[in-house]
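Engineer: I need the structure of the sequence given here:
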Amino acid sequence: MKIIGVTGSIGMGKTTISSMLRLVGIPIFDSDEYVRTILEENNCVIEKIFKLWPDTVSILQKKKKINKLLLSEKVFKSRKNRKILENIIHPIVQKQRDIFIHNHKKSKIIGLDVPLLYETGTDKICDYIFLVNALKKIQRKRVLARPNMTEEKFKQINNAQWTFEQKKKMKPFIINTSYGKLLSFITVVKYLLIILISRKTKHD
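Structural biologist: Numbering: from 1, shown residues only. A predicted model of the protein is given here:
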């Protein structure tokens, strides 16, 4: 089994590349999607967040619900808050990721879609990395078109991640999504062919 890590800063097209991998039959673990599930359904996590930042949690019919917009504003404005939240959520995500890997151990290739791949050390368990990138003006346009996004929040999210230059030094496969989905898909297929004929793997 070969593990591909899919990563990239906000607005670079990481989700699109993961969708392309799914299209060709590669199972993908989506870290962002699982985090959303945790924040919506994990009562233990919800209770911890309520105790730390009660103003980010509403109570309706005795049921606590996290306001993810307020929570994101809270954590991206404070590195300390961000680390606290990461220490709560990341171990749960990592456990679920390990279960996913075990459940797909007979697959030739699987993918891990992880925004903070390098920052969390997840790159160490990957055989290959797809680093998704785009022109800065395109990234900005994509991100600012999102609901509830502001210039300040965009900068805060970027500042919480490694720069493209830092990631590039790790020698990943780079996929530029600035020029349309067709060219991106061709690049994905090219890299997959390289991976399929390579013997490099940490997991066989």
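Engineer: From now on I want contacts and neighbour counts done on CA atoms only, so please keep to that.
Structural biologist: OK.
Engineer: Report the residue ranges of every domain in the protein.
Structural biologist: Here the domain assignment for the chain is 1-27+104-204, 32-95, based on automatic domain parsing.
Engineer: Please tabulate those domains in JSON lines, including the columns mean neighbour count and mean pLDDT.
Structural biologist: Output for those, formatted as JSON lines (neighbours: other Cα atoms under 10 Å; pLDDT from 0 to 100):
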{"stretch": "domain 1-27+104-204", "mean neighbour count": "16", "mean pLDDT": "93"}
{"stretch": "domain 32-95", "mean neighbour count": "15", "mean pLDDT": "94"}
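Engineer: what does stretch 194-203 contact?
Structural biologist: For stretch 194-203, the external contacting residues (Cα atoms under 8 Å, 6 or more residues apart in numbering) are 1-3, 125-128.
Engineer: hmm, 10 Å instead?
Structural biologist: 1-4, 105, 108-109, 124-128, 189, 192 (Cα atoms under 10 Å, 6 or more residues apart in numbering).
Engineer: ditto for stretch 14-30
Structural biologist: Contact with stretch 14-30 is made by 3-8, 32, 93, 96-98, 100-101, 104, 107-115, 130-133, 175, 177, 181, 184-185, 187-189, 192, as judged by Cα under 10 Å, 6+ apart.
Engineer: out of the residues you listed, which are inside strands?
Structural biologist: Judged by DSSP state E, strands contain the following of the contacts of stretch 14-30: 3-7, 109-113, 130-133, 175.
Engineer: And the furthest pair within those?
Structural biologist: Spanning the widest gap among those are Ile109 and Asn133, at 22.1 Å by Cα to Cα.
Engineer: show me where the protein has strands.
Structural biologist: Secondary structure of the chain by DSSP E: the strands cover 2-7, 28-30, 57-60, 63-66, 109-113, 128-133, 173-176.
Engineer: Make JSON lines from those strands and add distance to Leu85 to it.
Structural biologist: Supplementary listing: the strands of the chain in JSON lines, determined by distance: least, Cα to Cα, whole Å:
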{"stretch": "strand 2-7", "distance to Leu85": "20"}
{"stretch": "strand 28-30", "distance to Leu85": "18"}
{"stretch": "strand 57-60", "distance to Leu85": "14"}
{"stretch": "strand 63-66", "distance to Leu85": "13"}
{"stretch": "strand 109-113", "distance to Leu85": "19"}
{"stretch": "strand 128-133", "distance to Leu85": "25"}
{"stretch": "strand 173-176", "distance to Leu85": "30"}
